[in-house]
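Q: Pasting the sequence and the predicted coordinates here, then a few questions.
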There are 2 protein chains.
Amino acid sequence: MKNKYETIFNKLVQLIQKGQYTAGQTLPSEHDLCSQFNTSRETIRKALNLLSQNGYIQKVRGKGSVVLDRNKFKFPVSGLTSFKELADQMGQEFRTNVHELTLVKGAEDVCRQLNCEKNTLLWRLVRSREISGERIILDKDYIREDLIPSLTKEEAERSLYDYIERDLGLEISFAKKEIVVEAVTEEDEAFLDLNGHQQVVVIRSYVYLSDTTAFQFTESRHRPDKFQFVDFARRNKV
Amino acid sequence: MKNKYETIFNKLVQLIQKGQYTAGQTLPSEHDLCSQFNTSRETIRKALNLLSQNGYIQKVRGKGSVVLDRNKFKFPVSGLTSFKELADQMGQEFRTNVHELTLVKGAEDVCRQLNCEKNTLLWRLVRSREISGERIILDKDYIREDLIPSLTKEEAERSLYDYIERDLGLEISFAKKEIVVEAVTEEDEAFLDLNGHQQVVVIRSYVYLSDTTAFQFTESRHRPDKFQFVDFARRNKV
DNA sequence: GAGTGGTCTAGACCACAAG
DNA sequence: TTGTGGTCTAGACCACTCA
């Protein structure tokens, strides 16, 4: 809540969620919003761009900012949504089991992805995720020890992102994700309730800090019947 | 090539691809770019935001715009990439087979998604996609006939997006995609080379025009061993 | 302290939609 | 014709990085 435009964005999200503006209506014009929030038009436009990027509105030239039916879009997962955020959003009961938290010397392929020397010390963190009593997801994380020197089972059980961003003050900047389908491994069979499934959906993520260093590689393995990915794509406009 | 900032964006992309600026280097400062392109700083910043959104650079406060190693990110599929664009990008040989192009009365579920009355006339288009001689992808499209009155097999074999955007002048604005894994259907078995796979990866897309009307629903069914999805996510900044 | 990007302002002109 | 959003300008001040 520092930036003016983020503050305005948050305020408008609240209003939309409260039903002040409903789907199909238009928001007040940019000119009006300037008066309401006592600010310049470019600042209002930044706030509206955030709304647009998050699927709240669609801007139509000559008409205005049309409020979208966000229920149709459920939740935009594209982005850096963590398991905790996701489970919170869906109102599901969930549990995290930490199976392994060790320091290992990074294998060649992992280190290449993390842009560090072979044999750099890495945290290896293996967690299974339980929703409604079933172990659905197996998360394997590799994290650079030189960047995150201390890491405990308790922090891993809560949320890694919370710990890294809130407690350590590191800023996560962007991530690349890759989704493929692969055959199950022994690890999958050991830690997941597979219900006879032979394949899992694998999401590999590379997470980067705001100084462009890669610091984490995650492999998230999902039972296919419980996997869903939602992406909300826009055409480029700035 | 109308907008100044898009022109500058395209120019900078060219320079990066030609190796004028390589990974790890920084671009000239925003101030310098203002002089070079004889424009204002906000305009330069819009061009740089496009570069950032497309994974070419990362901006670091106090330092500059760092050029990223885009090979590491291959191609960002998140967005409205069509099969043709994708195949072009990957330099693969591909072929499209049109199996069905008919006018049908929309079933209830499809019409609800397309935000139109039940029994509205819809084009039903079924295509399989062949890469290196294997039929890997089955695309099923439902398109509102009132918006796209004429549609021929030839257009469907080329690129639907080309036809809609270039020939009809309609502007595609945004899309929602959902990815799930499902059991194979009889249609899959008829039109795909499944190689014994029992499940397919299903991408359901809802495509919207710039006036917020939904006009297309697509179900894209992929053989799991050939499926890959790459997503490039950023933190919100405007 | 000099240089970088991040935010913000108060204008301007344009393209487009709708009455 | 009026009102809308889209683009663009020429400044300003701030926060951050690095020598």
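A: Looks like it came in fine. Numbering: from 1, shown residues only, chains lettered A, B, ... in the order given.
Q: ok, is the longest helix seen in chain A in contact with DNA strand D or not?
A: When chain A is parsed with DSSP state H, its longest helix is helix A:4-18. No. Counting by Cβ under 7 Å from any atom of the strand, DNA strand D has no neighbours in helix A:4-18; the shortest distance is 12.0 Å. (Each C-beta comes from the backbone N, C-alpha and C, glycine too.)
Q: helices or strands next to that helix in the packing?
A: Counting contacts by 3 or more Cβ pairs under 8 Å, 6 or more residues apart in numbering or on different chains; DSSP states H and E, helix A:4-18 packs against helix A:30-37, helix A:41-53.
Q: which parts of the first one are buried?
A: Of the residues in helix A:30-37, those buried by neighbour count under the rule 16 or more other Cβ atoms under 10 Å in any protein chain shown are A:30, A:33-34, A:37.
Q: same check, this time on stretch A:120-129
A: Within stretch A:120-129, the residues that count as buried by 16+ other Cβ under 10 Å are A:120, A:122-129.
Q: Then stretch A:208-221?
A: Here stretch A:208-221 shows A:208-209, A:212, A:214-221 as buried, counting by 16+ other Cβ under 10 Å.
Q: can you list the domains in chain A?
A: Following automatic domain parsing, one gets these domains for chain A: A:4-72, A:83-226.
Q: Using JSON lines, lay out those domains together with distance to B:V230 and mean pLDDT.
A: Shown next, in JSON lines, are the domains of chain A (distance: least, Cβ to Cβ, whole Å; pLDDT from 0 to 100):
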{"stretch": "domain A:4-72", "distance to B:V230": "19", "mean pLDDT": "89"}
{"stretch": "domain A:83-226", "distance to B:V230": "5", "mean pLDDT": "81"}
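Q: Quick one, which of those domains gets closest to DNA strand C.
A: If you check each of those against DNA strand C by Cβ to the nearest atom of the strand, domain A:4-72 wins as the nearest, at 2.4 Å.
Q: Any idea how far that closest one is from the middle of the chain?
A: 23 Å (Cα atoms, centre = their mean, to the nearest Å).
Q: Spell out whether that domain and DNA strand C are in contact.
A: Yes. Using Cβ under 7 Å from any atom of the strand, domain A:4-72 reaches DNA strand C at A:4-5, A:38-43, A:46, A:60-63.
Q: From those, list the buried ones, please.
A: Among the residues of domain A:4-72 next to DNA strand C, the ones that count as buried by 16+ other Cβ under 10 Å are A:4-5, A:39, A:43, A:46.
Q: Can you name the two of those residues that sit furthest apart?
A: Of all pairs drawn from those, the greatest distance, 9.9 Å, lies between A:T39 and A:K46 (Cβ to Cβ).
Q: Count residues in the vicinity of A:S52, would you?
A: 18 (other Cβ atoms under 10 Å in any protein chain shown).
Q: Angles on the backbone of the nearest residue to it once chain neighbours are set aside, please.
A: Using Cβ to Cβ, 6 or more residues apart in numbering or on different chains and skipping residues adjacent in sequence, the residue nearest A:S52 is A:K59, 5.9 Å away. Per-residue torsions, A:K59: phi -90, psi 130 (degrees, to the nearest 10).
Q: In contact with A:K59, which residues?
A: When contacts are counted by Cβ atoms under 8 Å, 6 or more residues apart in numbering or on different chains, A:K59 touches A:48, A:52, A:65-66.
Q: Filter the buried residues of stretch A:120-129 down to the ones in helices?
A: Assigned to helices by DSSP H, none of these qualify.
Q: mind putting these in CSV, distance to DNA strand C included?
A: Shown next, in CSV, are the buried residues of stretch A:120-129 (distance: Cβ to the nearest atom of the strand, whole Å):
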residue, distance to DNA strand C
A:T120, 29
A:L122, 29
A:W123, 29
A:R124, 33
A:L125, 31
A:V126, 35
A:R127, 33
A:S128, 38
A:R129, 33
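Q: Select from those every entry located in strands.
A: A:122-129 (DSSP state E).
Q: Helix, strand, or coil at A:R221?
A: strand (DSSP: H, G, I helix; E, B strand; the rest coil).
Q: Could you do the one 4 residues further on as well?
A: Assigned with three-state DSSP, A:D225 falls in the helix class.
Q: That one and B:A183 touch, don't they?
A: No. Using Cβ atoms under 8 Å, A:D225 is not in contact with B:A183; the gap is 9.3 Å.
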